[in-house]
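Novice: Next input, structure requested:
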Amino acid sequence: MAQKPSIPKGTRDFLPFQVNRRNYIYDTIKSVFKKYGFAPIETPSFELSSTLLGKYGEEGDRLIFRILNSGDKVKKADLEALAEHNLPRFANSLSEKALRYDLTVPFARFVVQHQNDLTFPFKRYQIQPVWRADRPQKGRYQEFYQCDADVVGSDSLMFEVDFIQIFDEVLSALKIPDFTIQINNRKILSGIAEITGEQDKIIDITVAIDKLDKIGEEGVIKELQSKQVSSAAIEQIRPLFSLTGNTDKMLSFMREFLSDSAIGMKGIEELEYVFEKTALLGLKKAKLDFDVTLARGLNYYTGAIFEVKANGVKMGSICGGGRYDDLTGLFGMKNLSGVGISFGADRIYDVLTELDLFPKM
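Specialist: Residues are numbered from 1 along each chain as shown. Down below sits the predicted model:
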């Protein structure tokens, strides 16, 4: 009896009507990207493992799909590492390539590799699939599309303001009725670590705080304790978990909280500039909120960070992004700041389906 065909968990087939709907999302996003002067590029679906590993933090690295070597290359496996129970080193010797985890790190590699062919600041958009070895669940797939736009080669905060406008224009054009752009700054998080005397634990603090909406305050505290963050530092950080009020009130509180941290105050100043310029331009539908607990776990962010949520829909963030000051430096090209955003097309698809917002085709 023939075995019933199936596909791997976390992947999907798309029927013609679904492809048409997905193209509607892509076309809407592309039109706004082009309006703001972004040009398209593409990169390979897989990269050298060395390009990807170590760029996303420990948790991100665990979710990278590795491609096993084949043929004679298998014979080059590091058996000495296996004998020493050094499994990471052994795994690296078995796999020289990996499926891309996102579009940003490959873009940084692309910029360095093609720097003589580009004019800076360089503005690109890219719509391609990425892969993550995550546990499949609603709104979370192992293969999904990202729709990215990045500017590299400028530290002007006006690009942050532009990206807020792009979020607003795209999601308004898709007729999503209610959505919030959450913004924070990694310099503020660095300042929090500094004033608590835990500068060396900035990554641990960031990763834990980023889970507040998933595991709650007590869960975050337990994770901080497990990373040996001091009780005194945790007590200093704790009031931030329930910080509420309008933007001016919260930024005023953070100004006082971070008054002894130069980097923290720099983060406050950058946020105030973005809020001021955005208020002058106005927004169609979006709410723009400061969220001090927004951290985004990716290690390469250094400035403003964004997440966008569709209100009234049980779904995680549908867009994200942020500034990265020296990602190209990892590939040998120093002092080239960049900022970018990503639309999660698959989650946006699910939101439009749930709210019955697709046009009749």
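Novice: Any regions of the protein where pLDDT drops low?
Specialist: 1, 71-92, 139, 297-298 (pLDDT under 70).
Novice: any idea how it splits into domains?
Specialist: Using automatic domain parsing, the domain ranges for the chain come out as 20-52+101-354, 65-99.
Novice: Which residue ranges of the stretch 201-350 of the chain form helices?
Specialist: According to DSSP state H, counting those that start in this stretch, the stretch 201-350 of the chain carries its helices in the segments 202-209, 212-226, 231-237, 247-257, 262-281, 345-354.
Novice: Who are the packing partners of the third one?
Specialist: Read that as helix 231-237. helix 212-226 (3 or more C-beta pairs under 8 Å, 6 or more residues apart in numbering; DSSP states H and E). Where C-beta positions appear, they are placed from N, C-alpha and C, glycine not excepted.
Novice: which strands and helices sit next to the helix it packs on?
Specialist: Under the contact criterion of 3+ C-beta pairs under 8 Å, 6+ apart, helix 212-226 touches helix 202-209, helix 231-237.
Novice: Now render the ones you listed as CSV, adding distance to Phe144 and mean neighbour count.
Specialist: Formatted as CSV, those follow (distance: least, C-beta to C-beta, whole Å; neighbours: other C-beta atoms under 10 Å):
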stretch, distance to Phe144, mean neighbour count
helix 202-209, 22, 21
helix 231-237, 33, 15
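Novice: export the ones you listed to a markdown table and tack on distance to Tyr301?
Specialist: Output for the helices and strands packed on helix 212-226, formatted as a markdown table (distance: least, C-beta to C-beta, whole Å):
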| stretch | distance to Tyr301 |
| --- | --- |
| helix 202-209 | 9 |
| helix 231-237 | 19 |
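Novice: Out of those, flag the one nearest Gly329.
Specialist: helix 202-209 (17.7 Å; C-beta to C-beta).
Novice: now that closest one, how far from the centre of its chain.
Specialist: With C-alpha atoms, centre = their mean, to the nearest Å as the basis, helix 202-209 stands 15 Å off its chain's centre.
Novice: Tell me which other helices or strands that helix touches.
Specialist: For helix 202-209, the packing partners by 3+ C-beta pairs under 8 Å, 6+ apart come out as helix 57-62, helix 186-195, helix 212-226.
Novice: what angle separates it from helix 186-195?
Specialist: On the basis of axes from the mean of the first three to the mean of the last three C-alpha atoms, to 10 degrees, helix 202-209 is oriented at 110 degrees to helix 186-195.
Novice: now helix 202-209 against helix 212-226, angle please.
Specialist: Computed by the same axes, to 10 degrees, the angle separating helix 202-209 from helix 212-226 equals 140 degrees.
Novice: ok, back up a step: nearest to Leu327, of the helices and strands packed on helix 212-226?
Specialist: Proximity to Leu327 (C-beta to C-beta) singles out helix 202-209 among these, at 15.9 Å.
Novice: quick revisit: could you name the stretch from the helices and strands packed on helix 212-226 that's closest to Leu68?
Specialist: Relative to Leu68, the nearest member of these by C-beta to C-beta is helix 202-209, separated by 28.9 Å.
Novice: hey, C-alpha coordinates of stretch 105-125 in PDB?
Specialist: Output in PDB follows, covering the C-alpha atoms of stretch 105-125 (Å, rounded to 0.1, in the frame of the first residue of the first chain):
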ATOM      1  CA  VAL A 105      23.500  38.900   8.300                       C
ATOM      2  CA  PRO A 106      23.600  37.700   4.700                       C
ATOM      3  CA  PHE A 107      23.000  41.300   3.600                       C
ATOM      4  CA  ALA A 108      26.000  42.400   5.700                       C
ATOM      5  CA  ARG A 109      28.100  39.800   4.000                       C
ATOM      6  CA  PHE A 110      26.700  41.000   0.600                       C
ATOM      7  CA  VAL A 111      27.700  44.600   1.400                       C
ATOM      8  CA  VAL A 112      31.200  43.700   2.300                       C
ATOM      9  CA  GLN A 113      31.700  41.400  -0.700                       C
ATOM     10  CA  HIS A 114      30.200  43.900  -3.200                       C
ATOM     11  CA  GLN A 115      31.300  47.200  -1.500                       C
ATOM     12  CA  ASN A 116      33.100  48.400  -4.700                       C
ATOM     13  CA  ASP A 117      29.800  48.100  -6.700                       C
ATOM     14  CA  LEU A 118      27.600  50.000  -4.200                       C
ATOM     15  CA  THR A 119      27.000  53.600  -3.500                       C
ATOM     16  CA  PHE A 120      26.500  54.500   0.100                       C
ATOM     17  CA  PRO A 121      24.200  55.000   1.900                       C
ATOM     18  CA  PHE A 122      22.900  51.900   0.200                       C
ATOM     19  CA  LYS A 123      19.100  51.100   0.400                       C
ATOM     20  CA  ARG A 124      18.000  47.600  -0.400                       C
ATOM     21  CA  TYR A 125      14.900  45.500  -0.100                       C
END
